[in-house]
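1. Test case, fold it:
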Amino acid sequence: MARYLRPLVRGTTYTRLLHLWVPMLIVSVWLYIDMSTWWVPAAALVPAGLIPAVRHGEGVQARLLLTPGEEDAGISLSPATAWRDRLRTVLWLEIRMALGAVAVASCVWLPGLTYELVRLALGHAREGIPLLGEIQPHWSYALLAPLPLIALYGVVVGLGELVTVLARRLLGPSAAERLEALEARTEQLLERNRIARELHDSIGHALTVAVVQAGAARAAGDPEFTDRALGAIEETGRAALEDLERVLGVLRESGRPVSSRPTLADADRLLESARASGAKVDAELSGPLESIPGPVSREGYRILQEALTNVLRHAGAVPVRVRIDVGDGVLVLEVRNPLTADVPGPGRGSGLRGIRERAALLGGGARTGPDEGDWQVHVELPLS
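-> Coordinates of the predicted model:
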């Protein structure tokens, strides 16, 4: 029983009823002026619904009164941009007025009917609202008195649910708005994925260099080598902190430009970091690196960073051949090192997957794996 009475203590039940009453206030004023032209308010809603801003106003009212507190109410707050949305707004206004008329009539006549039944049960003659015919007073009408109130309860709750469903249907996002929201969500997911790759590449590279340097310094037992290793760890740590601050800045400011991200023009920093970690890096750079388009150059830098990180992490201080070739509309980036037994270290293959994802997003391709006794990372990215 309590479950059926719960709507009586919910504020939403009464805000929905208020939502139906609001348009009837204007209609009541008009009917007070001229009862014979009751159809004029309904006709006036047609041109009103065609105004784009009306859809926005109706959406605001519906959210405040029909779905208060719901974040995903399924009701749009945007003005109408297409004729389909305007026609839906017109239909909504007409239905809202019709349901409002039913709600007002029910709230007036059903309590009045209960009042008349109580009077008849008490032996008084019928008076007031002419709902009943010529009948005689009798105590049995007391048994019927609650029925209009029960009907009123059903009408109020039922109309509230119905108008909410219709609002979501007629004032809900259009196909274009849903597509726009989906695109925004996709962009957000892509941005999060990009930030995750940025953190993996930059911070992972710095930690790998620091681990390799620390291990080499402990094994060497040479104070001079230890000083050089500590210097390399310090420099790599500073660079990692700069990258971390930049990535966190992107999280704080969604509109922040990406022009501050490192590019292949800064590749020397990566090569020197790898050399400082003990790797013998032989680099071959051909073509104008500064002419590479920004997105390609930035992603190329991260690919090179991840490839060198994998060498240090899994192969250690081994000879590394790096080739960066710019020409014929394609950027070729290749990193090769001798195949050795895997060196234990962190990582579960997400770096290589990130390299392939970066290349695919730019319309290029990546090959990773053994090749003629070497481990290679070979990436080709279109420059156009």
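
2. dump the residue contacts of the closest residue to residue 284 other than its chain neighbours.
-> Leaving aside its chain neighbours, residue 284 sits nearest to residue 323 (4.7 Å; criterion: Cβ to Cβ, 6 or more residues apart in numbering). Using the backbone N, CA and C atoms, a C-beta is placed for each residue, glycine as well. Residues in contact with residue 323 (Cβ atoms under 8 Å, 6 or more residues apart in numbering) are 283-284, 332-335.

3. Report the two of those separated the most.
-> Pairwise distances across those peak at 13.6 Å for 283 and 332 (criterion: Cβ to Cβ).

4. Overlap in contacts, those two.
-> Contacts common to residue 283 and residue 332, judged by Cβ under 8 Å, 6+ apart, are 323-324.

5. Can you verify my assumption that residue 217 contacts residue 226?
-> Yes. Look at residue 217 against residue 226 with Cβ atoms under 8 Å: they come within range, at 4.4 Å.

6. The two: who's more crowded?
-> residue 217 (19 against 16; other Cβ atoms under 10 Å).

7. helix, strand or coil for residue 337?
-> Under the three-state scheme (DSSP: H, G, I helix; E, B strand; the rest coil), residue 337 adopts strand.

8. Give me the three-state assignment for the residue nearest to residue 284.
-> strand.

9. what do you get for the one 10 residues further on?
-> Put simply, residue 333 is strand when judged by three-state DSSP.

10. ok, it - contacts?
-> 300, 303-304, 307, 323-325, 377-381.

11. Then residue 64?
-> Residue 64 touches residue 15, counting by Cβ under 8 Å, 6+ apart.

12. part of a helix, is it?
-> Yes. According to three-state DSSP, residue 64 belongs to a helix.

13. what's the pLDDT at it?
-> Note for residue 64: predicted pLDDT of 91.

14. Kindly report the same for residue 304.
-> Reported pLDDT for residue 304: 90.

15. domains for the chain, by residue range?
-> 2-173, 179-382 (automatic domain parsing).

16. Buried residues in stretch 35-46, which are they?
-> For stretch 35-46, burial by neighbour count (16 or more other Cβ atoms under 10 Å) applies to 41, 45.

17. And the helices in this protein?
-> 2-5, 11-33, 39-49, 52-65, 83-121, 141-144, 146-170, 175-220, 223-252, 267-276, 294-314, 350-361 (DSSP state H).

18. Report pLDDT for residue 218.
-> pLDDT at residue 218 comes out at 74.

19. what about residue 160, neighbour count?
-> When neighbours are defined as other Cβ under 10 Å, residue 160 has 24 of them.

20. Please determine how far the residue nearest to it when sequence neighbours are not counted is located from residue 89.
-> Nearest in space to residue 160, with sequence neighbours left out and distances taken as Cβ to Cβ, 6+ apart, is residue 16 at 3.4 Å. Noted for residue 16: a distance of 19 Å to residue 89, by Cβ to Cβ, to the nearest Å.

21. Also residue 287?
-> In terms of Cβ to Cβ, residue 287 sits 58 Å off from residue 89.

22. the more surrounded of these two?
-> residue 89 (26 against 15).

23. For residue 143, see how far away the more buried one is.
-> 46 Å.

24. where in the stretch 251-384 of the chain is pLDDT low?
-> 251-260, 341-350 (pLDDT under 70).

25. cool, and the stretch 51-200 of the chain?
-> 125-134, 179, 182-184, 186-191, 194-195, 197-200.

26. returning to that earlier point: list the beta-bridge partners for the residue nearest to residue 284.
-> For residue 323, the beta-bridge partners are residue 284, residue 334 (DSSP bridges).
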